[in-house]
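K.L.:
Kindly generate the corresponding structure for this input.
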Amino acid sequence: MSMTEYCNESTPKLSIAILAVGTRGDVQPFLAVARRLQEYGHRVRLATHSQFHGLVKSAAVDFYPLGGDPRVIVQGFMKTQNLLLTTRRDISTQLKQLKAVMESLLPACTQPDPITGEPFMAQAIIANPPTYGRVDVAEALGVPLHIFFTVPWTPTCAFPHPFIPYISHRAGYWLSYVVVDLVIWWGLRGYINKLRKNKLNLGPINGLFNTNHVSISHLPTTYMWSPCLLPKPNDWGPLVDVVGYCFLELGSTYEPPQEFVEWMQKGAAPIYIGFGSMPLEDPESTTNIVLEALKNTGQRGIIDPGWGGLASRKCMLLIIIFNFSFRRKKEKKRNDVCVAEDVFLISDYPHHWLFPQCYAVIHHGGAGTTAAGLKAGCPTTIVPFCGDQFLWGAIIHRRGVGPAPISISQLSVESLSEAIRFMLQPQVKSRAMELAACVDAEDGAGAAAASFHRHLRLELPPPEPSPVEGADHVQTFFGYVGRFCCLFCSSN
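P.N.:
Numbering: from 1, shown residues only. Reported below is the predicted structural model:
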């Protein structure tokens with residue numbers, strides 16, 4: 001879809017603040033959208049963690065630092081996902097990170113460029129769900145707010161909330177989104193009210209069930225994944241769009257190390273293994289599992305250490321031993337043998353450049369990495385750690401382009417070897433290539449920009465009056481129960 005189908009000269013040129021919390025895979029799609037919005041004539045500032053300053057500037061998009069450390073946030077999220085095993089210290093650490101994010105949102109929307117000093121005042125806000133405080137900042141500034149995300153966050157009866165992936169009944173799917181909103185609201189309510197009072201000059205939000213300041217179900221929402229993989233559920237109304245993957249291709253000028261080019265030429269297309277930003281409890285053990293699975297299946301592998309330290313310096317001895325003991329004879333010369341090592345370590349590379357050179361990929365199932373692998377036509381094995389990774393793993397298996405996901409806690413030489421053998425089947429590769437053609441035909445970034453324009457409103461509706469503390473409990477609770485019962489009945 002072209003931009004002109006959705007925009008005309010009457011669409012105003014705005015200063016837009018994009019607020020993105022998360023890892024590189026969470027941030028990168030927003031850069032693709034930012035560039036499209038800039039092409040239309042908007043001024044766009046991407047506010048995210050300082051670790052991604054170089055990434056943002058390399059895409060020629062204005063940068064502003066948000067609080068919070070994405071590594072600590074990811075580690076805290078993994079620890080707090082299982083509430084039964086969560087300690088008060090884990091919760092405290094995560095809340096401090098989210099507080100740091102919240103306190104940086106207003107400056108990100110109003111402060112001058114930290115380097116050039118050029119003034120900036122947001123006239124519209126695009127944010128992902130982890131930027132809690134977004135509704136309150138938009139209310140204080142009186143500007144429209146639009147949610148963009150790579151993970152399902154709108155209540156539906158099609159699948160459960162990614163934080164609660166083990167619900168089996170369709171009616172319980174919708175309720176899982178309400179439960180997550182409630183838990184988040186109860187945890188952040190005090191911080192949000194302090195933000196409103198101390199930074200935004202707004203009144204407090206009362207009521208234990210008044211989740212509108214953490215929920216997104218009442219906001220225009222654009223999901224950045226391919227409908228070829230996961231179509232828009234029937235119970236998401238016109239407020240929600242699924243536009244396709246938003247790829248930022250910065251690797252066109254990427255020049256790989258010469259030794260990598262030579263290594264690629266010496267053997268068959270390899271299998272990529274990397275777990276991105278996920279922390280590993282035992283990198284050495286995980287590295288050994290990967291190496292033994294490659295050996296069992298006779299495959300070459302590219303390993304990305306990631307944040308977890310897979311095949312890090314401590315693991316290098318394993319790599320050396322593996323490459324020494326597991327070599328292939330390529331051609332004989334006089335009294336010598338020309339051999340190719342079977343494992344190569346690589347980091348700091350563009351996924352969209354590397355993955356098309358691989359036969360298959362094994363990774364944690366982050367939305368960005370999943371998108372890159374599918375676009376490259378790679379059969380995919382997902383080793384989920386937390387959150388939406390389980391959902392993408394299940395969907396990929398259901399589409400027949402990869403084996404059932406293997407939880408990191410269940411990863412073994414046997415399970416990974418079996419997964420590789422599944423991916424090596426010709427019919428799996430064929431299905432992966434068909435899905436890749438569908439994904440490649442989409443213009444996700446263009447459709448995302450068009451979605452923003454379609455939902456654009458120049459003024460927020462008047463905020464709902466805050467109920468008196470305690471007065472909303474019974475009415476709101478039975479409102480939830482009533483809607484849940486309607487969904488339950490309609491699902492039978």
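K.L.:
Now L46: phi and psi?
P.N.:
With angles defined as degrees, to the nearest 10, L46 sits at phi -100, psi 110.
K.L.:
L145 now?
P.N.:
phi -120, psi 130.
K.L.:
same deal with G373?
P.N.:
phi -70, psi -40.
K.L.:
Let me know how buried it is, in neighbour terms.
P.N.:
29 (other Cβ atoms under 10 Å). Heads up, the C-betas are built off the backbone N, CA and C, glycines and all.
K.L.:
Next: F159.
P.N.:
F159, neighbours per other Cβ under 10 Å, totals 17.
K.L.:
so it touches P152, yeah?
P.N.:
Yes - F159 lies in contact with P152 (Cβ atoms under 8 Å); the separation is 6.9 Å.
K.L.:
any residues in contact with both of these two?
P.N.:
L391 (Cβ atoms under 8 Å, 6 or more residues apart in numbering).
K.L.:
So for V361, what pLDDT did the model give?
P.N.:
We note a pLDDT of 97 for V361 in this prediction.
K.L.:
repeat for the one 3 residues further on
P.N.:
According to the per-residue confidence, H364 scores 94 in pLDDT.
K.L.:
Quickly note the distance from it to H455.
P.N.:
32 Å (Cβ to Cβ, to the nearest Å).
K.L.:
now swap in G190 and tell me
P.N.:
31 Å.
K.L.:
strand partners of the host helix or strand of D241, parallel vs antiparallel please.
P.N.:
Here D241, judged by DSSP states H and E, is contained in strand 240-242. Within its sheet, and counting by DSSP bridges, strand 240-242 is paired with strand 221-223 (parallel).
K.L.:
who touches the partner strand?
P.N.:
Strand 221-223 is contacted from outside by 146-150, 152-154, 232, 239-243, 448, 451-452, 455, using Cβ under 8 Å, 6+ apart.
K.L.:
can you tell me the average pLDDT over it?
P.N.:
98.
K.L.:
how far away is R421 from A293?
P.N.:
For R421, the distance to A293 - Cβ to Cβ - is 10 Å.
K.L.:
Among those two, which residue is more densely surrounded?
P.N.:
Between R421 and A293, counted using other Cβ under 10 Å, A293 has the larger neighbour count: 25 against 14.
K.L.:
Helices of the stretch 351-492 of the chain, residue ranges please.
P.N.:
351-354, 367-375, 389-398, 413-423, 426-440, 444-455, 473-490 (DSSP state H, counting those that start in this stretch).
K.L.:
Report the buried residues of the fourth one.
P.N.:
The reference is to helix 413-423. Neighbour-count burial for helix 413-423, counted by 16 or more other Cβ atoms under 10 Å, picks out S415, L416, S417, E418, A419, I420, F422, M423.
K.L.:
quick one: least confident helix or strand in the chain?
P.N.:
When each helix and strand of the chain is scored by mean pLDDT, DSSP states H and E, strand 336-340 comes last, with a mean of 31.
K.L.:
so after it, what's the next helix or strand?
P.N.:
strand 343-345.
K.L.:
Which strands or helices does that next one pack on?
P.N.:
Applying 3 or more Cβ pairs under 8 Å, 6 or more residues apart in numbering; DSSP states H and E, one finds that strand 343-345 contacts strand 301-304, helix 316-325.
K.L.:
Any idea which of those has the lowest pLDDT on average?
P.N.:
helix 316-325 (a mean of 48).
K.L.:
Can you classify T48 as helix, strand or coil?
P.N.:
strand (DSSP: H, G, I helix; E, B strand; the rest coil).
K.L.:
OK, contacts around it?
P.N.:
Here T48 is in contact with L19, A20, V21, V27, F30, V56, F63, P65, L66 (Cβ under 8 Å, 6+ apart).
K.L.:
tell me which element the fourth one is part of?
P.N.:
Element membership for V27 (DSSP H and E) is helix 24-40.
K.L.:
by contact count, what packs against that helix?
P.N.:
strand 15-19, strand 43-49, helix 53-58, strand 145-149, helix 367-375, helix 444-455.
K.L.:
just to revisit the earlier point, so for G190 and H455, which sits in the more crowded spot?
P.N.:
H455 (19 against 12).
K.L.:
Against P379, how distant is the more buried one?
P.N.:
Where P379 is concerned, H455 sits at a distance of 36 Å (Cβ to Cβ).
K.L.:
for I73, same thing?
P.N.:
In terms of Cβ to Cβ, I73 sits 31 Å off from P379.
K.L.:
Looking at the two, which is more packed in?
P.N.:
More crowded of I73 and P379, by other Cβ under 10 Å: P379, with 29 against 22.
K.L.:
mind listing what that one touches?
P.N.:
P379 touches Y359, A360, V361, V401, G402, F422, M423, L424, V428, K429, A432, counting by Cβ under 8 Å, 6+ apart.
K.L.:
possible to save these as JSON lines with distance to Y173?
P.N.:
Rendered in JSON lines, the data for the contacts of P379 read as follows (distance: Cβ to Cβ, whole Å):
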{"residue": "Y359", "distance to Y173": "35"}
{"residue": "A360", "distance to Y173": "31"}
{"residue": "V361", "distance to Y173": "29"}
{"residue": "V401", "distance to Y173": "24"}
{"residue": "G402", "distance to Y173": "23"}
{"residue": "F422", "distance to Y173": "28"}
{"residue": "M423", "distance to Y173": "29"}
{"residue": "L424", "distance to Y173": "34"}
{"residue": "V428", "distance to Y173": "28"}
{"residue": "K429", "distance to Y173": "32"}
{"residue": "A432", "distance to Y173": "28"}
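K.L.:
ok, and the most crowded of those?
P.N.:
Neighbour-wise, the contacts of P379 (other Cβ under 10 Å) top out at G402, 30 neighbours.
K.L.:
Using neighbour counts, pick out the buried residues of the helix holding V27.
P.N.:
24-38, 40.
K.L.:
what's the angle between it and helix 444-455?
P.N.:
70 degrees (axes from the mean of the first three to the mean of the last three Cα atoms, to 10 degrees).
K.L.:
Distance from helix 24-40 to the middle of the chain?
P.N.:
Centroid separation for helix 24-40 versus its chain: 14 Å, with Cα atoms, centre = their mean, to the nearest Å.
K.L.:
Can you tell me what sits against it?
P.N.:
With Cβ under 8 Å, 6+ apart, helix 24-40 has contacts from 3, 7, 11, 13, 16, 18, 20, 44, 46, 48-49, 52, 55-56, 59-61, 126, 128, 148, 150, 224, 245-248, 276-277, 366-369, 444-446, 448-449, 452-453.
K.L.:
hmm, try it at 7 Å
P.N.:
3, 7, 16, 18, 20, 44, 46, 48, 52, 55-56, 59, 61, 128, 148, 150, 224, 246-248, 276, 366-369, 445-446, 448-449, 452 (Cβ atoms under 7 Å, 6 or more residues apart in numbering).
K.L.:
Please name every helix or strand in contact with the longest helix belonging to the chain.
P.N.:
The residue-count maximum for a helix in the chain (DSSP state H) belongs to helix 170-198. Counting contacts by 3 or more Cβ pairs under 7 Å, 6 or more residues apart in numbering; DSSP states H and E, helix 170-198 packs against helix 88-110, helix 134-141, helix 473-490.
K.L.:
so how far is the second one off the chain centroid?
P.N.:
Centroid displacement of helix 134-141 relative to its chain, using Cα atoms, centre = their mean, is 24 Å.
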